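Visitor: sequence plus predicted model, see below.
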Amino acid sequence: MENLQTYADKFSELNFWDKIKTAFAKAGKEVVNKTLVLYYSLMDKDTPAWAKTVIIGALGYFISPIDLTPDFLPAIGYTDDLTVLISAFGTVASSVKEEHKTKAGEILNKYFGQKDEPLIGSEEKSEN
């Protein structure tokens with residue numbers, strides 16, 4: 001995987017929300033959910049600087065029009081973005097709070113129109 005720091009300069013809050021608006025239909029719910037959870041983790045003052053650095057790189061990659069798989073390709077355009085987002089999420093998972101997942105879920109509900117359990121970090125409850 002490429003060094004995410006090369007994409008950090010692509011991140012800005014305005015670019016992020018512009019990309020989210022265009023990605024909702026094409027990227028799908030899972031990609032958008034991961035992106036939003038990382039975004040809300042980034043905006044949290046309690047998130048450590050090292051985690052913010054990882055998140056900025058991943059979100060910069062998501063925003064960048066130049067990446068391994070062009071986003072305009074049907075069905076596969078966002079697979080590389082998803083891989084980067086999953087990797088970043090795994091790296092910073094200890095800094096992700098339930099409130100970040102809740103905020104992401106609220107946005108997903110608003111734009112996708114249905115309330116689902118959070119796709120990220122939700123633990124399945126099993127009855128024993």
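Guide: Received the coordinates, thanks. Residues are numbered from 1 along each chain as shown.
Visitor: report pLDDT for the residue most central in space within the chain.
Guide: Note on the chain: the residue nearest the mean C-alpha position is Thr35, at 1.3 Å, using CA atoms, centre = their mean. Model confidence at Thr35, given as pLDDT, is 92.
Visitor: which element is it on?
Guide: helix 29-43 (DSSP states H and E).
Visitor: what packs against that helix?
Guide: Contacts defined by 3 or more CB pairs under 8 Å, 6 or more residues apart in numbering; DSSP states H and E place helix 29-43 against helix 13-27, helix 49-63, helix 79-92, helix 98-112. For every residue, glycine as well, the C-beta is placed using N, CA and C.
Visitor: so what secondary structure elements neighbour the lowest-mean-pLDDT helix or strand in the chain?
Guide: Within the chain, no helix or strand scores below helix 13-27, which has a mean of 71 by mean pLDDT, DSSP states H and E. Packing contacts for helix 13-27, counted by 3+ CB pairs under 8 Å, 6+ apart, involve helix 29-43, helix 49-63.
Visitor: correct me if wrong: Tyr39 contacts Trp17.
Guide: No: if you go by CB atoms under 8 Å, Tyr39 and Trp17 don't touch, sitting 9.0 Å apart.
Visitor: more neighbours: which of the two?
Guide: Ranked by neighbour count (other CB atoms under 10 Å), Tyr39 and Trp17 place Tyr39 first, with 23 against 11.
Visitor: check contacts around that one.
Guide: When contacts are counted by CB atoms under 8 Å, 6 or more residues apart in numbering, Tyr39 touches 16, 55, 59, 104.
Visitor: how about the third one: what's its closest non-neighbour residue?
Guide: Once flanking residues are discounted, Leu59 sits nearest to Phe11: 4.9 Å by CB to CB, 6 or more residues apart in numbering.
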